[in-house]
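Engineer: no sequence for this one, just the structure:
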């Protein structure tokens, strides 16, 4: 980088920092004015309503402080990098970031080659998301991630079983489980234990699974326990068949793993089970999180979390459901993303799967 370009960048970011600080001051002033003038202007405001306004103002101020502090911290880091004449090491390959693109300064964390490769992958994902496949819509909408956890049932419902297996296997640092429909398609579960539509679907899948897909699904386990978290397709107690849905199932399942968190699937419904201390026998609370709900994983209570279903949601919402587990901030965030389910419906009908499997996608059931 030339000296003149470095000076221009430094000036640009110093101005940006000053503008952010001034903007924060202006917003704080407006919020204080709102708090001071509202009771005088609205004589009908009750104490409860006034407290609600005060709480709102406080929450906005805290959010603003957090947002601007993070941005100002990034700018300070950028100025330090400009002074030192280096941009640090690439977060992906470890090479020094010698000449980051101007638009990436000062927040570049990848070298030029890794940045271009990432943008190429993102463009491919965006293109695939237009094909009407829920998995591609999820990958296109997901925030940045460095690993993928799949909780089972890769096949057994949809019209593209081999493509689905192949696509999931391509994902970075994949941890994958096997589900009951996977086992049924492999012949490890009697298909007649399913309802009529599910039985027809797994038999159809069984006839079309390629050897490579079979080999991969056969290598998976229905339950895994790691140091930071456990994984189970159904439940920790019965990882293939149990639908974890109500409080009474909680205590026995929490006894089946030692990690602070377990992620489960199988029900296709987002749920959170929280273990609550209660003498010698902890009780369990169950909640249904909303879109963008954030669960604190560092609150001292053990949790079982179901992020919902990507390909066949069953909570009355047709949008694909998924979650992001942030091991640094100790949070789990729920997400929903729409996709062109009409295209999946058409493909289900085209290949001869039961029409009910197509119809249910419209209603998220």
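Structural biologist: That came in fine, so what should we check first? Keep in mind that this is a model prediction, so the values were computed, not measured.

Engineer: Please count neighbours and contacts with C-alpha atoms only from this point.
Structural biologist: Will do.

Engineer: For this structure, which segments count as helices?
Structural biologist: Using DSSP state H, the helices of the chain run over 3-41, 47-84, 112-129, 134-141, 161-169, 180-185, 196-208, 211-218, 250-254, 341-351, 355-363.

Engineer: quick check: domain ranges of this structure?
Structural biologist: 3-85, 144-363 (automatic domain parsing).

Engineer: Columns mean neighbour count and mean pLDDT on top of the ones you listed, output as TSV?
Structural biologist: Formatted as TSV, the domains of the chain follow (neighbours: other C-alpha atoms under 10 Å; pLDDT from 0 to 100):
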stretch	mean neighbour count	mean pLDDT
domain 3-85	14	57
domain 144-363	18	89
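
Engineer: For residue 92, find the nearest of the ones you listed.
Structural biologist: For the domains of the chain, proximity to residue 92 was assessed by C-alpha to C-alpha; domain 144-363 is nearest, at 10.0 Å.

Engineer: and that closest one, how far apart are its ends?
Structural biologist: 29 Å (C-alpha to C-alpha, to the nearest Å).

Engineer: for stretch 303-311, same thing?
Structural biologist: Stretch 303-311 has an end-to-end distance of 24 Å (criterion: C-alpha to C-alpha).

Engineer: ok, residue 284 - contacts?
Structural biologist: By C-alpha atoms under 8 Å, 6 or more residues apart in numbering, the contact set of residue 284 is 247-248, 250-251, 273-276.

Engineer: Recalculate using a threshold of 7 Å.
Structural biologist: 247, 250-251, 273-276 (C-alpha atoms under 7 Å, 6 or more residues apart in numbering).

Engineer: and if you look at residue 185?
Structural biologist: 156, 202-203, 205-206.

Engineer: do residue 364 as well
Structural biologist: 312-318.

Engineer: ok, the nearest residue to it once chain neighbours are set aside to residue 193 distance?
Structural biologist: Of all residues not flanking residue 364 in the chain, residue 318 sits nearest, at 3.8 Å (C-alpha to C-alpha, 6 or more residues apart in numbering). The gap separating residue 318 from residue 193 is 26 Å, by C-alpha to C-alpha.

Engineer: and if you look at residue 278?
Structural biologist: Using C-alpha to C-alpha, residue 278 is found at 38 Å from residue 193.

Engineer: cool, residue 229 as well?
Structural biologist: Here the criterion is C-alpha to C-alpha. By it, residue 229 lies 31 Å from residue 193.

Engineer: And for residue 261?
Structural biologist: Taken as C-alpha to C-alpha, the span from residue 261 to residue 193 is 31 Å.

Engineer: Then residue 113?
Structural biologist: 52 Å.

Engineer: now do residue 304
Structural biologist: Distance of residue 304 to residue 193, computed by C-alpha to C-alpha: 27 Å.

Engineer: Also residue 346?
Structural biologist: Taking C-alpha to C-alpha, one finds residue 346 at 27 Å from residue 193.

Engineer: what's the answer for residue 306, then?
Structural biologist: Distance, residue 306 to residue 193, by C-alpha to C-alpha: 24 Å.

Engineer: do the same with residue 352
Structural biologist: Residue 352 is 21 Å from residue 193, by C-alpha to C-alpha.

Engineer: What is the nearest of the contacts of residue 185 to residue 267?
Structural biologist: For those, the minimum distance to residue 267 (C-alpha to C-alpha) is 14.6 Å, reached by residue 156.

Engineer: thinking the closest one is in contact with residue 206, fair?
Structural biologist: No - judged on C-alpha atoms under 7 Å, residue 156 makes no contact with residue 206 at a distance of 8.3 Å.

Engineer: what are the ranges of the strands in the stretch 151-300 of the chain?
Structural biologist: Along the stretch 151-300 of the chain, counting by DSSP state E, counting those that start in this stretch, strands occupy 174-176, 223-225, 230-232, 261-264, 271-276, 283-287, 294-296.

Engineer: what's the closest of these to residue 362?
Structural biologist: Nearest to residue 362 among those is strand 271-276; the distance by C-alpha to C-alpha comes to 21.3 Å.

Engineer: What pairs with that closest one, parallel or antiparallel?
Structural biologist: Paired with strand 271-276 in the same sheet, following DSSP bridges, are strand 283-287 (antiparallel), strand 303-306 (antiparallel).

Engineer: could you dump these to a markdown table with distance to residue 183?
Structural biologist: Listed next are the strands paired with strand 271-276 as a markdown table, based on distance: least, C-alpha to C-alpha, whole Å:
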| stretch | distance to residue 183 |
| --- | --- |
| strand 283-287 | 29 |
| strand 303-306 | 21 |
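
Engineer: just so I know, which of the ones you listed lies nearest residue 145?
Structural biologist: Residue 145 sits nearest to strand 303-306 of all these, at 18.5 Å, using C-alpha to C-alpha.

Engineer: Please enumerate residues in contact with stretch 238-252?
Structural biologist: Residues outside stretch 238-252 that contact it (C-alpha under 7 Å, 6+ apart) are 179-180, 222-223, 232-235, 266-267, 282-286.

Engineer: repeat that for 6 Å
Structural biologist: Residues from elsewhere that reach stretch 238-252 (C-alpha atoms under 6 Å, 6 or more residues apart in numbering): 180, 222, 232-235, 267, 284-286.

Engineer: for that stretch, how far is the first residue from the last?
Structural biologist: This stretch, stretch 238-252, spans 10 Å end to end (C-alpha to C-alpha).

Engineer: Stretch 332-350 now?
Structural biologist: Taking C-alpha to C-alpha, the first and last residues of stretch 332-350 lie 38 Å apart.

Engineer: who touches that stretch?
Structural biologist: Contacting residues not belonging to stretch 332-350 are listed as 132, 134, 137, 159, 291-295, 319-325, 358 [C-alpha under 6 Å, 6+ apart].

Engineer: at 8 Å instead, please
Structural biologist: Residues outside stretch 332-350 that contact it (C-alpha under 8 Å, 6+ apart): 129-134, 137-138, 141, 158-159, 289-297, 307, 318-326, 354-355, 357-359, 361-362.
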